[in-house]
Structure formats: C-alpha cells, structure tokens
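>>> Predicted structure and sequence below. I'll ask about it afterward.
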Amino acid sequence: GRRLGRVSGVAFGQIVCTQPHLRRRQPYSSAVLFAKMARTILALMLTGAAALAPSLPSTRVPRADRTALSMVFGKTRASSKQFVPAVSTTELSPGKAVSGICAGLDICIAVDTDGSVYALGNKSPVLGTPMAAGRVADGFIKDPLTGTSFDVRTGQIAGPWCPNFPFSILFSIIEPTGLPVFKCKTGGGAVSVEVDVNAKTNFESGYWKGILDAQGKTDGGYY
C-alpha cells in the first residue's frame, strides 16, 4: 500500500503532511472551516428566499405617446364644403393664372385661352412653388420651374414629369403627382371655389398651436 507521512507535533484540528510533494496549501483551523461553511449556507438560504419572494407589480405609469398626447388638445369638425370667394373677376386674364386663399387653402385660379375658368391647388408637386406663375393654354397649365404640365380639368400630369434640367435628374426617382382640383363658379364680380371650410381647423387640431403654429404656414401642409 501507499505509505503515509508521519504526523507529529500537530495541534488539535490541524493536519500537516510530512511528504513535501503532497503538500498543496497551508493548513486550515477548524474555526476557519466552520466560518466558510456558515457563509456558504447563509448564501444558499438568501438565494432561496429571494426566489420564493413574490414580485410586486410595478407602479410606474407608462408615458403617453407624444403624437397621441398632442391630439388631446385638438377638436376636429365635420367636413363642410361651401363656395368661398377667391379672387375678383377683374384679376382674370386669358392664358394666365392668379392665386387666392379660400378658408386657409391656397387656390390657383387658371383662365384658359378660351376664357374658361378652373380652380386647382396652387402648390406644385415636390417643390411647392406657386402654380399661379405658370402659363395656361389649350386646357393645360405649366409649372415654369420644373416644366411639368397639368390638365386644368383633372389635375393629372400631361406629358413628361419634370422635364427641365436639373429636375429631370433630381426628381426622376420621385413618383409623379398631380394637382387637386376644385369646383368653381363666377358671379357677383368674384370667382368662388368650393372648399372644405373646416380643413384648416382639422389640420391644426393635430398639434399644439402655441408651439407649432407656424408648421402649416411653413410647409403648406394644409394648402
């Protein structure tokens, strides 16, 4: 069998091996071993108690979505279409267009070469420049900046989309978009356009006027 080293001169609770090649660490006293066991048992008890403890429901109130919060202060109204005077008939001239504001909507009044009067949105697609600066002829109005032509009766694009350089390159990847059209009539020395008189109010109901009052006036979102 294996020979064990001699044990001599050892205090109670200590074991010392006289074989040098079997010696690995310093001897532990019984007090140290007991302290280690006590800490281990205490750690296990605390871990088990934490696992069994019931979790309390969170009292944190989730923050409301900013978009939903901003809508709280707005009051929308039902759509109400009415004929609203836009421009005086004295401003009309065949082959030209003029602009007018109807219930907060920017309207282009286009007069064809035969004297027919039409009403369209005054914001050109993409750039938002006034269509009233364009020429009217043979049932079409042409955006002087991009070169795009629109049918004054339907608002649809007629011909190529943004043919003028450099817009033919810059806007080639943008989907072509037409213009909105409105019913109009002449009488009483003015051109009246049928518009939703609550459109501006409903648009502004979606934001705080005190903070973002200039938003619609800057980007023409409700025009």
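Received it, and whenever you're ready, just let me know what you need.
>>> Now stretch 172-181 - C-alpha only, CSV.
In CSV, the C-alpha atoms belonging to stretch 172-181 read as follows (Å, rounded to 0.1, in the frame of the first residue of the first chain):
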residue,chain,number,x,y,z
SER,A,172,-36.5,61.2,-61.8
ILE,A,173,-36.9,58.8,-58.8
ILE,A,174,-39.9,60.6,-57.4
GLU,A,175,-43.3,59.3,-58.3
PRO,A,176,-45.2,61.7,-60.5
THR,A,177,-48.0,63.5,-58.6
GLY,A,178,-50.9,65.6,-60.0
LEU,A,179,-52.7,68.6,-58.5
PRO,A,180,-56.0,68.7,-56.6
VAL,A,181,-58.9,70.3,-58.5
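>>> average pLDDT across it?
Model confidence over stretch 172-181, given as mean pLDDT, is 95.
>>> got the buried residues for it?
Neighbour counts using 16 or more other CB atoms under 10 Å place 178, 179, 181 of stretch 172-181 among the buried residues. From N, CA and C alone the C-beta is placed, and that goes for glycine too.
>>> Which stretches in this structure count as strands?
According to DSSP state E, the chain carries its strands in the segments 81-88, 97-102, 105-111, 117-121, 135-137, 140-142, 149-151, 157-158, 181-182, 184-187, 190-196.
>>> what's the most buried one of those strands?
Per-residue neighbour counts averaged over each of the strands of the chain give the maximum for strand 105-111, namely a mean of 25 (mean count of other CB atoms under 10 Å).
>>> strand partners of it, parallel vs antiparallel please.
Strand 105-111 has the following sheet partners, assigned by DSSP bridges: strand 97-102 (antiparallel), strand 117-121 (antiparallel).
>>> Residue 170 is nearest to which of these?
Judged by CB to CB, the one of the strands paired with strand 105-111 that comes nearest to residue 170 is strand 117-121, at 21.7 Å.
>>> ok, and what's touching that closest one?
86, 92, 105-112, 131, 141, 150, 152-153, 155, 179-184, 186, 191, 193, 223 (CB atoms under 8 Å, 6 or more residues apart in numbering).
>>> Would you agree residue 199 is in contact with residue 104?
Yes. Applying CB atoms under 8 Å as the test, residue 199 and residue 104 come out as touching, 6.6 Å apart.
>>> low pLDDT regions in the chain?
Of all residues in the chain, those with pLDDT under 70 make up the ranges 1-39, 41-75, 205-223.
>>> now the helices for it?
In the chain, the helices defined using DSSP state H lie at 30-52, 66-71, 167-170, 199-204, 209-212, 215-219.
>>> circling back to that earlier point, okay if I get the strands of the chain as JSON lines plus distance to residue 204?
Output for the strands of the chain, formatted as JSON lines (distance: least, CB to CB, whole Å):
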{"stretch": "strand 81-88", "distance to residue 204": "18"}
{"stretch": "strand 97-102", "distance to residue 204": "15"}
{"stretch": "strand 105-111", "distance to residue 204": "13"}
{"stretch": "strand 117-121", "distance to residue 204": "18"}
{"stretch": "strand 135-137", "distance to residue 204": "32"}
{"stretch": "strand 140-142", "distance to residue 204": "29"}
{"stretch": "strand 149-151", "distance to residue 204": "28"}
{"stretch": "strand 157-158", "distance to residue 204": "30"}
{"stretch": "strand 181-182", "distance to residue 204": "20"}
{"stretch": "strand 184-187", "distance to residue 204": "25"}
{"stretch": "strand 190-196", "distance to residue 204": "13"}
